[in-house]
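**Student:** Here is my input; please provide its structure:
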Amino acid sequence: CTCQLIDDSQEGQAVLEGVIELLQTDKGKDVRIAVLQSLPFNDATLPVLLECTHDDNPLLRKAVIQRLQSISIRLLSIKQRAEVIQHVLLDQDSTVAEAGAELLAHWLQQDCKGDPLKMLQLLDVETYADAAALLIESLIKTDSICSQTAGAAVAAGRTTASQGVISYVEAATNSGGGSTAGGLVGLCRLGRLLQPHEALMWRCLCEW
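**Tutor:** Numbers count the residues shown, from 1 in each chain. Have a look, this model is predicted:
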């Protein structure tokens, strides 16, 4: 694969420029998808790959979303995180939107240990409130928000997503404090105002 020739040398950078041009201009979707799947992630390629979430071809959009599962959400800037969330979840192609929801559920587990509040902290919820609300709504729909006990039951098919979210709220209500969801009500009882990401979380849960 030509992509194996990409490195920090002058020749490697020339190859990289050619591969990026191929990704952006080649009319064959199979060629572009193959390039996308083998292109390394770095400061030069990440913006190009993220731009593919706007591509006219849904197969390419889905391919780049699946490719993003191989990296941490922390490698993206806050603005890029918000844009990815909105682009993938609002995609008009249902298969692309489903792949986007799977990506966010994956990032929740991989980078935030299943805690949606930690994921919200990776966003500027005051600037990107719409993206943050879309994120929580998607995580609810994919059965990704629940207490640890209920999460195992949902995964095993012994309970529903609704019951999982209810258990999450109950865990938050009964907890005595802390920085995660389980401590939100406890923190209110202690007189501390909720942080913006905490307030948005509870707003989304109440609306749900």
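**Student:** what's the span of stretch 49-59, first residue to last?
**Tutor:** In stretch 49-59, first residue to last residue: 14 Å (C-alpha to C-alpha, to the nearest Å).
**Student:** Contacts for it next, please.
**Tutor:** Counting contacts by C-beta atoms under 8 Å, 6 or more residues apart in numbering, the residues outside stretch 49-59 that touch it are 23, 29, 32-33, 36, 39, 41, 60-61, 63-65, 67-68, 76, 80, 83-84, 87-88, 91, 93, 95-96. Bear in mind the C-beta positions are built from the backbone N, C-alpha and C, glycine included.
**Student:** For the longest helix belonging to the chain, list every residue counted as buried.
**Tutor:** With DSSP state H applied, the helix covering the greatest number of residues in the chain is identified as helix 94-112. Judged by neighbour count (16 or more other C-beta atoms under 10 Å), helix 94-112 contains these buried residues: 96-108, 111-112.
**Student:** tell me how far the helix or strand just after that helix is from the chain's mean position?
**Tutor:** Using DSSP states H and E, the helix or strand that follows helix 94-112 in sequence is helix 116-121. When C-alpha coordinates are averaged (C-alpha atoms, centre = their mean, to the nearest Å), helix 116-121 and its chain have centres 11 Å apart.
**Student:** name the helices or strands packed onto helix 116-121?
**Tutor:** For helix 116-121, the helices and strands in contact under the criterion 3 or more C-beta pairs under 8 Å, 6 or more residues apart in numbering; DSSP states H and E are helix 94-112, helix 129-141, helix 196-207.
**Student:** what do you get if the cut-off is 6 Å, keeping everything else the same?
**Tutor:** helix 94-112, helix 196-207 (3 or more C-beta pairs under 6 Å, 6 or more residues apart in numbering; DSSP states H and E).
**Student:** out of the buried residues of helix 94-112, who's nearest residue 193?
**Tutor:** Using C-beta to C-beta, the shortest approach to residue 193 within those belongs to residue 112, at 22.9 Å.
**Student:** Tell me how many other residues crowd the nearest residue to the closest one once chain neighbours are set aside.
**Tutor:** Take residue 112 and drop its neighbours on the chain: the residue closest to it by C-beta to C-beta, 6 or more residues apart in numbering is residue 118, 3.9 Å away. For residue 118, the number of neighbouring residues by other C-beta atoms under 10 Å comes to 16.
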